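Participant: Predicted model and sequence follow; I will ask about them next.
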Amino acid sequence: MGNSFLSKHVSGMPASATMATAAIAAEYVKNQVVHYNWGLGEPDGGMQPHLREAGQRAFAEGKTKYTPPNGILPFREAISEFFSGFGLAYKPGAIIVGNGSKGVLFNIFLATLNPGDEVIVPNPRWVSYEPMIIYVGGKMVTVEPGQDFKITPAALEAAITDKTKWFLFNNPSNPSGAVYTLEEQKALGEVFRQHPDVMILTDEMYWSFNYTDQPFVPFAVANPDLYDRVVTTNGLAKSHAMTGLRIGFAGAPNTPDGQGLVDTANKIQGNIAGNPNTVSQWVTIAAIRGDQSFLNAQRELFIDRRDAMVKGLNAAGLPCGTPDGAFYVMPNVAHLIGGRTPSGVTLVDDVAVTQFFAKEAKVIGVPGSAFGLPETIRFAYPVDRDTNIIPGAWALGEAVRKLENV
Ligand code: GLU
C-alpha cells in the first residue's frame, strides 16, 4: 500500500511536541533513570477526595450510558454556574463540550472555518493550535510578542485582514505564562471595535493559575460590549487536576451566530464523538459545585515552585523572567546554540539544546520552536520543589558548564 495508504490531508501534521515528551519520560521510568520531567504540563497532585467519590458514585449508580452530544442538562447547568462565577452569562443551551479543550477548539474550527480563513494567534502559542487550524483548511497568522511575551494592540491590528475569522486568545498563556491585565485586555478589545467581522475565541484553561494580585478576568468580561463576538473556552482539567478525564467546554454568545455554532458543534460531536465521557460529566459537576478552597493552597504552592524554577534556571545560565501565570517558564537558550557538547556534537537549534538537556541533565523540556518561539525551551514546573526543581536546575547548570564554544 505504501504512501498512498495514508491521507495526504494529515501527512504534514506534526506530532504533538508536548505529548511526545511523555515518551522520553516513560523510557527513563522504564530504565529507572533519575530524571526531571518538566515536559508535559499537568498538575502533579491527585484529584480531591470528593471528586474521586463523585466518579465512584457515578460508576456505582450505573451512570455510564450515552448522553446528549453536549452532555446531560445538570452538567451544562453546572458549567453555566462556573461561567457565571466570572460574570459570564452562558445559558445551558449555549454550552459546547468536547474531549478536553482540544476537542472543543477543534470542533469550533471545524464548525466555522472555510478554506483560506485566517485565525490570528499570538506567539508563542500552544502546540496544537496550528495543526487543528490547518487540518480544517484554515490559515494561522501569528503575531510576535514583546519582551514580556505579550502582543500589542498595534501588532494585532496589523495582522487583521479581510480573511480574519477568529482571534485566538490564550490567557494565561501556555507556554509563556504571561497574564494580560484588565487594561491590556481592554486595549486589545479596542482593536476589534474597528473590525466588526472578527470573532474572538478564548482559551482560558489556566484561569486558576494566576499569580498576580488581581483576579483573573475573562476577555468577554473585560470587554462586555464585545460579548456577542466572544466564544469563551475553559475547563477544570488543570485547576482540579483532572486532565485525563477529558472535559473541556465553551460558552457561545446569545446570538444567531452563537446558536448556529452550538448546533453545529453538537452535530459534529454527535457524529464523531457521541458524547463527553459520562462519568467525567458527573465529576465535573462535583468539581464545579464542590469545595474550591484548595485552589488557594495550590496557587501558593505553584508560586513557590515557580520562584524556585526561575531562580534555579537563572543560576544555571538559562535566563528567564518571572511569569505571572500557568505553570511554565521559557528561558532563552540562544547563547547555547553553536555550543559543542562533550561528545563533539554542535547544538544547531533549540531542539538540539532540548535534546542535550534531556540526555545530559535528564531534564525533559519542550523546544520553544514547537510553540513558535525558537531559541527558547518550555519547562513545566508542576513538580516537587526540593526533590525535583532544585536538583533538576542544578543538573542543567552542570550540563551548560560542559558546553564548549558558548
Ligand atoms: N496542555 C498541556 C501541555 O501543553 C498538556 C499537553 C497537551 O494537551 O498538549 O503540556
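Facilitator: Now that the structure is in, tell me what you want to look at.
Participant: Find me the pLDDT at Val10, would you?
Facilitator: Among the per-residue scores, Val10 holds a pLDDT of 88.
Participant: How about the residue in the stretch 301-406 of the chain that the ligand sits nearest to: what's its closest non-neighbour residue?
Facilitator: When distances are taken as CB to the nearest ligand atom, the stretch 301-406 of the chain reaches nearest to the ligand at Ala380, 6.2 Å away. Heads up, the C-betas are built off the backbone N, CA and C, glycines and all. Closest residue to Ala380 apart from its sequence neighbours, by CB to CB, 6 or more residues apart in numbering: Gly41 at 4.0 Å.
Participant: So for the one you found, what pLDDT did the model give?
Facilitator: For Gly41, the predicted pLDDT is 95.
Participant: which SS class is it?
Facilitator: Under DSSP: H, G, I helix; E, B strand; the rest coil, Gly41 falls in the coil class.
Participant: Which residues are in contact with it?
Facilitator: 18, 174, 326-328, 380, 382 (CB atoms under 8 Å, 6 or more residues apart in numbering).
Participant: neighbours around Leu261, how many?
Facilitator: 22 (other CB atoms under 10 Å).
Participant: ignore the last one, Pro92
Facilitator: Pro92 has 17 nearby residues by other CB under 10 Å.
Participant: and the closest residue to it other than its chain neighbours, what is it in contact with?
Facilitator: Of all residues not flanking Pro92 in the chain, Arg76 sits nearest, at 3.8 Å (CB to CB, 6+ apart). Taking CB under 8 Å, 6+ apart as the criterion, Arg76 is in contact with 70, 92-93, 95, 97.
Participant: Can you give me the pLDDT of Arg76?
Facilitator: Looking at Arg76, the pLDDT reads 98.
Participant: Spell out which helix or strand contains it, please.
Facilitator: helix 73-84 (DSSP states H and E).
Participant: Check Ile377 too.
Facilitator: Ile377 belongs to strand 377-380, assigned by DSSP H and E.
Participant: Give me the sheet partners of that strand and which way each runs.
Facilitator: strand 328-329 (antiparallel), strand 366-367 (antiparallel) (DSSP bridges).
Participant: for the helix or strand that comes right after it, packing partners?
Facilitator: Heading C-terminal from strand 377-380, the first helix or strand you meet, by DSSP H and E, is helix 390-402. Counting contacts by 3 or more CB pairs under 8 Å, 6 or more residues apart in numbering; DSSP states H and E, helix 390-402 is packed against strand 36-37, helix 294-315, helix 350-360, strand 363-364.
Participant: rerun that using 6 Å as the cut-off
Facilitator: For helix 390-402, the packing partners by 3 or more CB pairs under 6 Å, 6 or more residues apart in numbering; DSSP states H and E come out as strand 363-364.
Participant: The strand it packs on: how far from the chain's middle?
Facilitator: Strand 363-364 sits 20 Å away from the centroid of its parent chain (CA atoms, centre = their mean, to the nearest Å).
Participant: what do you get for stretch 253-265?
Facilitator: 24 Å.
Participant: do stretch 174-189 as well
Facilitator: With CA atoms, centre = their mean, you get 15 Å for stretch 174-189.
Participant: go on, stretch 368-382?
Facilitator: With CA atoms, centre = their mean, you get 13 Å for stretch 368-382.
Participant: Would you mind writing the CA trace of that stretch as PDB?
Facilitator: The C-alpha trace of stretch 368-382 is given here as PDB (Å, rounded to 0.1, in the frame of the first residue of the first chain):
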ATOM      1  CA  GLY A 368      10.400  26.700  22.100                       C
ATOM      2  CA  SER A 369      10.200  26.300  18.300                       C
ATOM      3  CA  ALA A 370       7.200  23.900  18.800                       C
ATOM      4  CA  PHE A 371       5.400  27.000  20.200                       C
ATOM      5  CA  GLY A 372       6.600  29.400  17.500                       C
ATOM      6  CA  LEU A 373       9.400  30.900  19.700                       C
ATOM      7  CA  PRO A 374      12.700  29.400  18.600                       C
ATOM      8  CA  GLU A 375      15.800  29.700  20.800                       C
ATOM      9  CA  THR A 376      13.800  29.100  24.000                       C
ATOM     10  CA  ILE A 377      12.700  26.000  25.900                       C
ATOM     11  CA  ARG A 378       9.500  25.500  27.700                       C
ATOM     12  CA  PHE A 379       9.900  23.900  31.200                       C
ATOM     13  CA  ALA A 380       6.800  22.900  33.200                       C
ATOM     14  CA  TYR A 381       7.000  23.100  37.000                       C
ATOM     15  CA  PRO A 382       4.200  21.100  38.500                       C
END
